[in-house]
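Engineer: structure for this input, please:
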Amino acid sequence: MTVSAPPLELLPEPSLLIADRRVADSSGGAYEHRYPATGHPTGNVAIAGRAEIDEAVRAARAAVPGWQALPVNERRDLMLAFADLLVREAGSLINLNIIDNGTPHAVADFGPRLTADMFRYNAGWADKVGGEVVPVWPGAGFDYTLQEPYGVVAIIIPWNGPVHAIGMTTAPALAAGNTVVAVVSRRWPLRSLDLGEIAAVSDLPGGTLNLLTGRVEELVKPLCGHRDVNAVVDASGLAEHARTIDELAAETVKRVSRPAGDGEVGAGSLARLEAVMELKTAWHPVGS
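Structural biologist: Reported below is the predicted structural model:
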């Protein structure tokens, strides 16, 4: 059986997404990607280093005030428009999925649409997040809680199925009003970085979604230990990273969440949304 060479003419120049800029030259060097069906080199992919982590976190932090101040109906509409753009660009993402790690076309076909559905679902929650009034005793009082975003959320994307995982993890964080710095594995980065290209030409404000690729084991410490990161979503599923992330989060006082697997408690999409928000409570006495 003859295996054809990869259609390299379909490949964009792989670039990191920081703010609204594409970064092709990075401090971490480059990784030679190979077509898994033949071992044929397809090109070099930029690898993020500490400098790009710092730059991406700064961009995410700068985008927080504007993203959170945006009326929630407009945040919802921007996410819905991005989902529509993902569907329009699905062909590119499907082809890159096949080149990236040899995924069969029948499997690759549903990835971009599933990702778009995740953005649509979570966009629908953007204008429904609120709080509740809490009964108090023994004296009269007015006590209420509000669900609020953390700010900058670092997300470690699993190496398998990264486009689907980007939708699963970043969409809830964005819908809640957070900005995101996401790291994908360098092993199969092409379709993830192409999603970043799509984000760069979308109407999402620069800095709300930053996508980096690199050696996850080297990027965990500078990202999850960064003082300007407020929360971490560890979707890597790797025990060797979990302890490091938990220790760094304890030192810098940030929440860590890990998406539950299918069928587990907390596996629903709403649980992922709640994991990237915190409850703030206010209490006021009533009467004399």
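Engineer: next helix or strand past the helix or strand of the chain with the lowest mean pLDDT?
Structural biologist: The weakest-scoring helix or strand in the chain, judged by mean pLDDT, DSSP states H and E, is helix 105-108 (a mean of 74). Under the assignment DSSP states H and E, the closest C-terminal helix or strand after helix 105-108 is helix 111-123.
Engineer: please put the alpha-carbon coordinates of that next one into PDB.
Structural biologist: The C-alpha coordinates for helix 111-123 follow below in PDB (Å, rounded to 0.1, in the frame of the first residue of the first chain):
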ATOM      1  CA  GLY A 111     -13.900  18.100  15.700                       C
ATOM      2  CA  PRO A 112     -14.400  21.700  14.500                       C
ATOM      3  CA  ARG A 113     -18.200  21.500  14.700                       C
ATOM      4  CA  LEU A 114     -18.100  20.000  18.200                       C
ATOM      5  CA  THR A 115     -15.700  22.800  19.200                       C
ATOM      6  CA  ALA A 116     -18.100  25.400  17.700                       C
ATOM      7  CA  ASP A 117     -21.000  23.800  19.600                       C
ATOM      8  CA  MET A 118     -19.000  24.200  22.900                       C
ATOM      9  CA  PHE A 119     -18.600  27.900  22.200                       C
ATOM     10  CA  ARG A 120     -22.300  28.200  21.400                       C
ATOM     11  CA  TYR A 121     -23.300  26.400  24.500                       C
ATOM     12  CA  ASN A 122     -21.100  28.400  26.800                       C
ATOM     13  CA  ALA A 123     -22.000  31.700  25.100                       C
END
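Engineer: what lies in contact with the least confident helix or strand of the chain?
Structural biologist: Residues from elsewhere that reach helix 105-108 (CB atoms under 8 Å, 6 or more residues apart in numbering): I94, N97, I98. For glycine as for every other residue, the C-beta is placed from the backbone atoms N, C-alpha and C.
Engineer: next, the buried residues of the longest helix anywhere in the chain.
Structural biologist: For the chain, the longest helix by residue count, based on DSSP state H, is helix 50-69. For helix 50-69, the neighbour count (16 or more other CB atoms under 10 Å) marks 52-53, 55-61, 63-64, 67-68 as buried.
Engineer: where does the chain dip in pLDDT?
Structural biologist: Residue ranges of the chain with pLDDT under 70: 1-12, 161, 260-269, 288.
Engineer: mind redoing it with 80?
Structural biologist: For the chain, the stretches with pLDDT under 80 are 1-14, 33, 35-39, 42-43, 94-110, 137-139, 159-162, 186-192, 260-269, 287-288.
Engineer: and the residue nearest the centre of it?
Structural biologist: T170 (3.2 Å; CA atoms, centre = their mean).
Engineer: for burial, what's the neighbour tally of the closest residue to V233 other than its chain neighbours?
Structural biologist: Distance criterion CB to CB, 6 or more residues apart in numbering; nearest residue to V233, sequence neighbours excluded, is I155 at 4.5 Å. Residues near I155, counting by other CB atoms under 10 Å, number 28.
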